[in-house]
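Peer 1: show me the folded form of this:
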Amino acid sequence: MSSSHAATITPARRLGGRLCVPGDKSISHRYAMFAALADGPSTLANYAPGMDCRSTLNCLQLLGADISATSDRATSAITVMGRGLGQLRSPAHILDCGNSGTTMRLLAGILAGHPLTAQMTGDASLSRRPMRRVIGPLEQMGAQIESVDGRPPLTVRGGKLRGIAFRPEVPSAQVKSAVLFAGLLAEGVTSVTEPVATRDHTERALAAFGGRADVSGLVVSVQPGQRLVGQSLTVPGDFSSAAFWFIAAAAFPGSRIEVTNVGLNPSRTALLAVLRRFGARVTVTPSEAGGNEPIGSVTVEHERTGVVVIAPDEVPGLIDELPAIAALAAHGGEVAVSGASELRVKESDRIAVLVAGFRALGIDADERPDGFVVTGRSTRPAGGVADAQGDHRMAMAFAIAALAAEGPSTIDGADAVGVSYPEFFETLERLVR
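Peer 2: All right, here's what the predicted structure looks like:
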């Protein structure tokens with residue numbers, strides 16, 4: 001890192017090493033929320049260190065959960081003293097979700113079932129993100145939610161809810177999770193029928209805390225009034241963070257990277273098949289440990305450079321990894337993505353920002369309404385200055401792409417990595433050979 005807002009990336013010949021990545025962001029959010037709704041204390045080891053998951057903890061504390069952290073060189077853990085299902089208290093202050101859409105959407109579902117009024121806000125990026133998809137079903141259940149034209153800040157007036165059978169038009173694990181959280185506090189059964197299966201961390205986390213979600217094909221349902229019990233759990237390494245290292249290893253001749261204790265939830269690992277299609281050698285070694293979430297080691301080695309076409313039906317399983325996948329093409333391959341218009345309403349318009357950033361680095365990239373095409377050349381890109389626009393995944397994708405350049409590159413807005421992976425640039429320096 002060359003300053004608090006920019007990082008200088010020097011070219012690399014290859015990458016290699018063995019490492020762990022921070023705790024999974026998606027799982028950390030959910031474990032903390034279930035721990036707050038459970039009876040008794042929970043200890044969550046390897047809780048994600050980024051600002052997004054800290055936002056969740058800050059909000060839960062304002063809702064009455066007692067949270068403390070312990071940290072040393074070997075381990076980092078948080079302890080949450082749960083209040084019990086339906087027992088969160090009215091917050092004395094506005095709930096600041098920071099940059100975290102997951103915090104806002106999932107908490108909306110939890111707040112909807114409590115007899116309280118709470119306002120949630122966020123940073124400038126989050127305040128532009130659409131919330132109607134979560135507001136709609138929660139209002140069907142009986143909550144009252146005020147917004148600014150479907151965007152934050154949100155004021156949730158919770159209370160008595162009724163179970164619904166909800167069919168979202170667009171697949172979203174966050175919307176599904178918000179409805180399931182609300183369903184635990186509703187009268188009658190609540191079900192969500194998905195158009196395609198999305199990640200199932202909420203269902204697994206509910207089971208880990210002693211509850212149950214019934215899954216039948218694409219239908220997930222919960223019964224109300226389940227008693228949740230505090231647990232001691234370890235959060236697996238974040239697969240979406242590891243994705244950047246897998247991409248780098250696949251792209252650079254002579255590279256080999258092993259990530260240990262990483263989450264291997266089948267709803268998250270579609271990237272591994274993409275890397276094999278591109279031409280990488282991928283080895284997965286499952287571990288016996290991990291509880292409700294499978295974990296293990298993944299080794300990726302460069303074998304050849306190829307072409308990857310991501311079709312619309314693949315996008316839901318790859319949505320967080322698409323910026324990283326684009327970086328494969330910086331090193332001479334080609335990546336084409338379609339059916340990913342959802343990328344336009346993430347922390348940034350990830351299609352526009354990605355294409356602009358890659359072009360600034362000297363990489364051929366074209367924007368499509370619902371995706372992009374990135375084409376690597378036979379010669380190395382020149383390098384340049386890419387602006388991450390405050391988006392953590394853009395900053396990391398640009399950094400991996402910039403390694404292929406002829407000269408040093410600058411990533412503006414590089415401090416955004418603190419949202420999910422504060423140690424990203426230090427780890428990158430360690431892996432470059």
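Peer 1: for the rest of this, base every contact and every neighbour count on C-alpha atoms.
Peer 2: Fine.
Peer 1: dump the residue contacts of the closest residue to Gly210 other than its chain neighbours.
Peer 2: Nearest non-adjacent residue to Gly210, counting by Cα to Cα, 6 or more residues apart in numbering: Leu228, 5.3 Å away. Contact partners of Leu228, counting by Cα atoms under 8 Å, 6 or more residues apart in numbering, are Phe34, Leu37, Ala38, Asp39, Gly84, Leu85, Phe209, Gly210, Gly211.
Peer 1: hmm, try it at 6 Å
Peer 2: Contacts here follow Cα atoms under 6 Å, 6 or more residues apart in numbering; on that basis Leu228 touches Ala38, Phe209, Gly210, Gly211.
Peer 1: from Gly291, how far out is it?
Peer 2: 17 Å (Cα to Cα, to the nearest Å).
Peer 1: just the buried residues out of the contacts of Leu228, in ChimeraX syntax.
Peer 2: Paste this into ChimeraX to select the buried members of the contacts of Leu228, with burial taken from 16 or more other Cα atoms under 10 Å:
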select :38,209,211
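Peer 1: pLDDT, distance to His5 and secondary structure for the contacts of Leu228 - can I get that in a markdown table?
Peer 2: Output for these, formatted as a markdown table (pLDDT from 0 to 100; distance: Cα to Cα, whole Å; DSSP: H, G, I helix; E, B strand; the rest coil):
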| residue | pLDDT | distance to His5 | secondary structure |
| --- | --- | --- | --- |
| Ala38 | 98 | 40 | coil |
| Phe209 | 98 | 40 | coil |
| Gly210 | 97 | 43 | coil |
| Gly211 | 98 | 43 | coil |
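Peer 1: any chance of the contacts of Leu228 in TSV, plus distance to Leu57?
Peer 2: As requested, the contacts of Leu228 are arranged in TSV below (distance: Cα to Cα, whole Å):
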residue	distance to Leu57
Ala38	15
Phe209	18
Gly210	21
Gly211	22
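Peer 1: after the worst-scoring helix or strand of the chain on mean pLDDT, which helix or strand is next?
Peer 2: For the chain, using mean pLDDT, DSSP states H and E, the weakest element among its helices and strands is strand 66-71, scoring a mean of 89. Next along the chain after strand 66-71, taking DSSP states H and E as the criterion, comes strand 76-83.
Peer 1: quick one: contacts of that following strand?
Peer 2: Contacts of strand 76-83 with the rest of the structure, by Cα under 6 Å, 6+ apart, involve 35-46, 65-70.
Peer 1: all strands of the stretch 301-433 of the chain, in order?
Peer 2: 307-310, 334-337, 364-368, 371-375, 385-387, 409-412 (DSSP state E, counting those that start in this stretch).
Peer 1: among those, which is nearest Ser241?
Peer 2: For the strands of the stretch 301-433 of the chain, distance to Ser241 was read as Cα to Cα. The smallest value, 17.9 Å, belongs to strand 409-412.
Peer 1: so what does the closest one touch, helix or strand wise?
Peer 2: With contacts taken as 3 or more Cα pairs under 6 Å, 6 or more residues apart in numbering; DSSP states H and E, strand 409-412 sits against strand 6-9, strand 385-387.
Peer 1: just name the most buried of those strands.
Peer 2: The highest mean neighbour count among these, using mean count of other Cα atoms under 10 Å, belongs to strand 385-387: a mean of 23.
Peer 1: in the stretch 251-400 of the chain, what spans have low per-residue confidence?
Peer 2: Along the stretch 251-400 of the chain, segments meeting pLDDT under 70 span 289-290.
Peer 1: helix, strand, or coil at the nearest residue to Gly82 once chain neighbours are set aside?
Peer 2: Spatially, and ignoring its direct neighbours in sequence, Gly82 is nearest to Ala36 (4.2 Å; Cα to Cα, 6+ apart). Secondary structure state of Ala36, per DSSP: H, G, I helix; E, B strand; the rest coil, is helix.
Peer 1: and Ala36, what does it touch?
Peer 2: Residues near Ala36 by Cα under 6 Å, 6+ apart: Ala65, Gly82, Arg83.
Peer 1: just among those, which is most surrounded?
Peer 2: Counting neighbours by other Cα atoms under 10 Å, Gly82 leads the contacts of Ala36 with 27 neighbours.
Peer 1: how close does that one get to Cys53?
Peer 2: 17 Å.
Peer 1: ok, Gly84 next?
Peer 2: Taking Cα to Cα, one finds Gly84 at 21 Å from Cys53.
Peer 1: these two: which has the busier surroundings?
Peer 2: Ranked by neighbour count (other Cα under 10 Å), Gly84 and Cys53 place Cys53 first, with 27 against 19.
Peer 1: secondary structure element for the nearest residue to the more buried one once chain neighbours are set aside?
Peer 2: Among residues not flanking Cys53 along the chain, His29 sits closest, at 5.9 Å (Cα to Cα, 6+ apart). Following DSSP H and E, one finds His29 within helix 25-37.
Peer 1: alright, I will stop here.
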